[in-house]
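**Q** Requesting a structural model of the entry that follows:
(one chain, ligands or ions: 1)
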Amino acid sequence: MLSPERLQRLQQQADRLRTRPLRELCADAARARDWSLEVGPLYLNYARQHLDEVALGELLSLAEASDVGTALKRQFDGEIVNVSEGRAVLHTALRSDVGEGASARAARSQAIDAQARMRELATDLAASDISDIVHVGIGGSDLGPRLLMDALQRPDARFRVHFIANVDAHEAQRVLAGLDPAHTAGVLVSKSFGTRETLLNGALLRDWLGDASRLYAVSANLDRVADFGIPADRVLPMWDWVGGRFSLWSAVGFSALLALGEEAFDQLLAGAALMDRHVVSTENSANMAVLHALFALWNRNARGMASESVIAYDQRLLQLPAYLQQLRMESLGKSVGSAGQSLLHATAPATWGGVGSSTQHSFFQALHQGSERLPLEFIGVRRPDHSHRTQHATLLANLLAQAEALANGQDSDDPQRRYPGGTPSSMLLLDQLTPEALGALLALYEHSTSVLGHLWGLNAFDQWGVELGKKVATRLEPALRGESMAGVDDAVTSSLLERIRCD
Ligand code: F6P
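**A** The predicted model follows:
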């Protein structure tokens, strides 16, 4: 764990390196080539992280002393690592056999049964006259499947899949406007089946369809699903050992499976399983997830950088930053440790990003010449799934150019044309955006998040922070509906309410 002494040592390393420009560190051809790793379809080059062998050694020593390998193994084996909720964390059992404990084995067999059931329901739907699927869910019950769909969609898909997440009914209105209720089925996804947004949107969809006979549900709460009017034979399971933001591999991904097909979904799981096996069997210095986490920790704690940004040079990964925002910020956005103690170090940087080259024409100005340097992760895909070679070459030239320009900068007599450089970055390259590569990439981020949580001494698997806002909203709803002001006890809210209700 990151103790104050360890933190101090890392900060001393960062201070020492302050006088060594990044471009100077990276000028070494051996480093440019060797500071890299390849795991299945993923290649990671970390030569542009602003550290040297000594600092890297310090980070690896932190990982050793923190027993990262044992922590991961405890998680994979099904020990109760989500202590505040008393739960195991077994999303790995949805795709691989890396867990050896009895509960990991039991989870694996439940997952295999659920996958068989998903396929049966998919076959039934394929034989029906349904052309469109409306997926209703929010947070982890939305972002993963939405990303999969957007990244891997194919023109010959059997179904068109649409998503409704926001309680703002403009989203539902727009989605449903182009659809025919007679040829549409709904998939309501909520682990708790208690999320207000999903229940309201589910009811809206049920009304629009005319009844509940074409509704399916994915949930861990069968009673609530039954109360909603969906019979057990149209329900796919969820379990308390899968957290929402880690759940796209489960039946939460049912809509994605319908859109992409079973083969692609299997390849996605296989890619994640490949990363699971790598992570569980590889020493820290060659472990992609451990190194990924250590660089994030280095930039956050030793160098004091308060954000991390992912720029994917592939339009199909447009949804990736939103997905990663939940994964990283809901998991790591805590300032209290697993045992309830206040943490003395900084945690979750703000995770954000976008796709290149578009974002170069929006926020890159600030990355090049703003008052702070922010760490970046670039993602590139070597082979596109289109035939426009010139455009792809331009895209990849931009990918390489931005990483280089941001790292090296450029001096000038004219201060307006001076580029300080010094932006640390990693480069993740995929040969092609296949389901397997995407599975490996997402599993990498999951394991990196888990390792970071362990190093920071916090529980990466709960999310108590989101509860207070939900409670206050429930208390305020009667006032918004004009029924009762009993729940309003804050002066500013009360004044704003008056304004809202005037209209
Ligand atoms: O509000 C946060 C959260 O609990 C997320 O962790 C979760 O992914 C999302 O809400 C949706 O929850 P559910 O699947 O239970 O509807």
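
**Q** Just the element for the residue nearest the centre of the chain, please.
**A** Geometric centre of the chain, nearest residue: L324, 2.9 Å, by C-alpha atoms, centre = their mean. According to DSSP states H and E, L324 maps onto helix 320-325.

**Q** hmm, who's touching the helix or strand that comes right after that helix?
**A** Going down the chain from helix 320-325, the next helix or strand is helix 331-332, by DSSP H and E. Here helix 331-332 makes contact (C-beta atoms under 8 Å, 6 or more residues apart in numbering) with 245, 347-348, 449-450, 452-453, 456, 458, 460-461, 463. (Each C-beta comes from the backbone N, C-alpha and C, glycine too.)

**Q** Stretch 489-503 too?
**A** Against stretch 489-503 from outside (C-beta under 8 Å, 6+ apart): 476, 479-480, 482, 485, 488.

**Q** list the buried ones in it?
**A** Buried residues in stretch 489-503, counted by 16 or more other C-beta atoms under 10 Å: 493, 497.

**Q** Buried subset of the contacts of helix 331-332 as a PyMOL selection?
**A** To isolate the buried ones among those in PyMOL, judged by 16+ other C-beta under 10 Å, type:
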select buried, resi 245+347+348+449+450+452+453+456+458+460+461+463
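
**Q** Pull up the gap between the closest residue to R154 other than its chain neighbours and L433, please.
**A** The spatially closest residue to R154, leaving aside those adjacent along the chain, is L260, at 7.0 Å (C-beta to C-beta, 6 or more residues apart in numbering). Per C-beta to C-beta, to the nearest Å, L260 is found 12 Å from L433.

**Q** quick one on the thing from earlier: ok, of the contacts of stretch 489-503, which come out buried?
**A** Looks like the contacts of stretch 489-503 have 476, 479, 488 buried, using 16+ other C-beta under 10 Å.

**Q** Among the residues you listed, name the ones in helices.
**A** With DSSP state H as the criterion, helices contain 476, 479 from among those.

**Q** Keep the buried ones among the contacts of stretch 489-503, but drop any that are not near the ligand.
**A** With C-beta under 6 Å from any ligand atom as the criterion, those include none near the ligand.

**Q** Return the closest of the buried ones among the contacts of stretch 489-503 with respect to R316.
**A** L476 (39.4 Å; C-beta to C-beta).

**Q** I figured that closest one hits G487, correct?
**A** Yes - with contact defined as C-beta atoms under 8 Å, L476 reaches G487; the gap is 5.7 Å.

**Q** Which secondary structure element is home to V381?
**A** strand 376-383.

**Q** The following helix or strand past that strand - contacts with which helices or strands?
**A** The first helix or strand that comes after strand 376-383 along the chain, using DSSP H and E, is helix 389-408. With contacts taken as 3 or more C-beta pairs under 8 Å, 6 or more residues apart in numbering; DSSP states H and E, helix 389-408 sits against helix 22-25, strand 307-313, helix 364-369, strand 376-383, strand 425-432.
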